[in-house]
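Enquirer: What follows is a predicted structure for the sequence shown.
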Amino acid sequence: MIRAEERQSYILNTAKENGFASITDIAKRLNVSIETIRRDINELCKENLVKKVRGGAVLGKPACRKDDDFMLRIKSNQHQKLTIGARAASMIQDGFVVALDAGASVQSIASCIKNVKNVTFIVNSISTAGILLDKFKKDEVSGRIIFVGGELDTQNRFSKGAMASSAVGNYYFDIAFVSCTAVSCEAVSSYNLDECSYSRQLIERASMSVLVAESNKIDKNSICSFAKIADFATIITDDKNQISDLFKKQYEDSKTELVIVSV
């Protein structure tokens, strides 16, 4: 018997390839009832992956996602953030030049860094810089911290704007860790326009770019697109929320590695 996940994946692929998935046709092809396919479409609609139309479904547009207040983001999904952060931090090696953006998820990476030497950290977040300073004080990490200056976002506690983007353009990195508001098959996006320009600079100037995103951000879009999935060597997420087969399929023909950590 064909599982619900397999049927739903078939519906998504049909809608993507043909522009329309017919309930009657799919029911016949999969040898299941029309009501079964209707239920599958309803489940896909809940995730905004498809939209119901007469006789079937078409691809939906991922919901536009906004950022919560920064302090709320720091406190939300903490276990997911730290699990993702630990996996990302394990990629840092002695002697690396590491860029960390101002996102709450990236701040969790800083909390998990330990036992590395002679690492240069380039940051634009006051909070992240403070975490790293404590690491240096405890001798958990050695090297140096370069803080990228610019106009200070007093609410989110990071340097922003043209000055910050210009300043970070003076550096190259072994690895850059980037966060986002949302990520879909079409784009990696952010709600904060100032962060987009800065994140583009990190991606362009890094030998390896890594996207960190909790699973509730996947299959969604936000206001400003700043990258594509293919711009990243690795995307690290968690398994708390279901990730669509359509999203996972993007990696079958891509060089981007999708790492799903267990929470």
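Expert: Yes, it's here.

Enquirer: tell me the contacts of Q93?
Expert: Q93 makes contacts with V116, D174, as judged by CB atoms under 8 Å, 6 or more residues apart in numbering. In this view, the C-beta of every residue, glycine as well, is placed from N, C-alpha and C.

Enquirer: Am I right that it is in a strand?
Expert: No: per DSSP: H, G, I helix; E, B strand; the rest coil, Q93 lies outside any strand segment and is coil.

Enquirer: Where does the prediction get shaky in the protein?
Expert: For the chain, applying pLDDT under 70 flags the ranges 1, 61-77, 251-253.

Enquirer: and it, what are its domains?
Expert: Taking automatic domain parsing as the reference, the chain has its domains at 4-59, 70-261.

Enquirer: Tell me which of these sits most buried.
Expert: Greatest average neighbour count among those goes to domain 70-261 (a mean of 19), per mean count of other CB atoms under 10 Å.

Enquirer: Run the chain-centre distance for that domain.
Expert: On the basis of CA atoms, centre = their mean, to the nearest Å, domain 70-261 sits 9 Å off its chain's mean C-alpha point.

Enquirer: So R144 sits against F121, correct?
Expert: Yes: using CB atoms under 8 Å, R144 is in contact with F121, at 7.4 Å.

Enquirer: Mind listing residues that contact stretch 31-39?
Expert: By CB under 8 Å, 6+ apart, the list of residues contacting stretch 31-39 reads I2, R7, I11, I23, T24, I26, A27, L30.

Enquirer: Equivalent analysis for stretch 108-119, please.
Expert: 78, 81-82, 84-86, 88-89, 92-98, 100, 123, 128, 131-132, 135, 140-143, 177, 212.

Enquirer: For the closest residue to K51 other than its chain neighbours, grab the count of nearby residues.
Expert: With sequence-adjacent residues excluded and distances taken as CB to CB, 6 or more residues apart in numbering, K51 is closest to G60, at 4.4 Å. By other CB atoms under 10 Å, 17 other residues sit near G60.

Enquirer: Right, I'll call it a day here.
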